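Asker: I would like the atomic coordinates for the input below:
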Amino acid sequence: QVQLVESGGGLVQPGGSLRLSCAASEYLDNYAIGWFRRQSPETPRETVACISSAGVTFYADSVKGRFTISRDNAKKMAYLQMGGLNPEDTANYYCTADPSYDASFCSLIGDYDYRGQGTQVTVSS
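Answerer: Sure thing, here's the model as predicted:
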């Protein structure tokens, strides 16, 4: 059972930046990793970025050019660098991982087997 723990959320002003971190309990070399967000329990999740086990990245249109996903397999870590933040980015952000995707692919709409508890990001002046 893979455990994921997110950190780095907080309050940031519009236009600001944050880096979210995801610490895994085991090595994720063969896992695709994704970050999704949910603005409230009633709203659907939006996977904003994912990175395949081979390092290929995909981004939702809503964050393309502003967010960067990365991974450090040796440290069992993944990151989401967020810039140009606006109030619409306010949400709880979750790290997810799944071993079943091909090495060069990950999904922005599919499910992932494992997810963390989330970290809250609030963009407000």
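
Asker: give me the residue at the spatial middle of the chain.
Answerer: For the chain, the residue sitting closest to the mean C-alpha position, by CA atoms, centre = their mean, is Trp35 at 2.0 Å.

Asker: now do the closest residue in space to Ala32 that isn't next to it in sequence against Gln13, distance only.
Answerer: Spatially, and ignoring its direct neighbours in sequence, Ala32 is nearest to Cys106 (3.7 Å; CB to CB, 6 or more residues apart in numbering). Quick note: C-beta positions are derived from backbone N, CA and C, even for glycine. According to CB to CB, to the nearest Å, Cys106 stands 31 Å off from Gln13.

Asker: for Ser40, grab the count of nearby residues.
Answerer: Residues near Ser40, counting by other CB atoms under 10 Å, number 8.

Asker: can you map out the strands along the protein?
Answerer: 4-7, 10-12, 18-24, 32-38, 46-51, 57-59, 67-72, 77-82, 91-98, 114-115, 119-123 (DSSP state E).

Asker: elements contacting the last one?
Answerer: Identification of packing neighbours for strand 119-123 by 3 or more CB pairs under 8 Å, 6 or more residues apart in numbering; DSSP states H and E yields strand 10-12, strand 18-24, strand 91-98.

Asker: now do that strand: distance to the chain's middle.
Answerer: 13 Å (CA atoms, centre = their mean, to the nearest Å).

Asker: buried stuff in that strand?
Answerer: Neighbour-count burial for strand 119-123, with 16 or more other CB atoms under 10 Å as criterion, is recorded at 119, 121, 123.

Asker: ok, now the first one?
Answerer: Buried residues in strand 4-7, counting neighbours by 16+ other CB under 10 Å, are found at 4, 6.

Asker: what's the answer for stretch 103-116, then?
Answerer: 106-107, 112, 114-116.

Asker: pLDDT and distance to Lys75 added to these, as TSV?
Answerer: Listed next are the buried residues of stretch 103-116 as TSV, based on pLDDT from 0 to 100; distance: CB to CB, whole Å:
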residue	pLDDT	distance to Lys75
Cys106	91	19
Ser107	89	24
Tyr112	92	20
Tyr114	95	18
Arg115	95	20
Gly116	96	16
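
Asker: give me the beta-bridge partners of the residue nearest to the centre of the chain?
Answerer: Following DSSP bridges, Trp35 is listed with bridge partners Ala49, Cys95.
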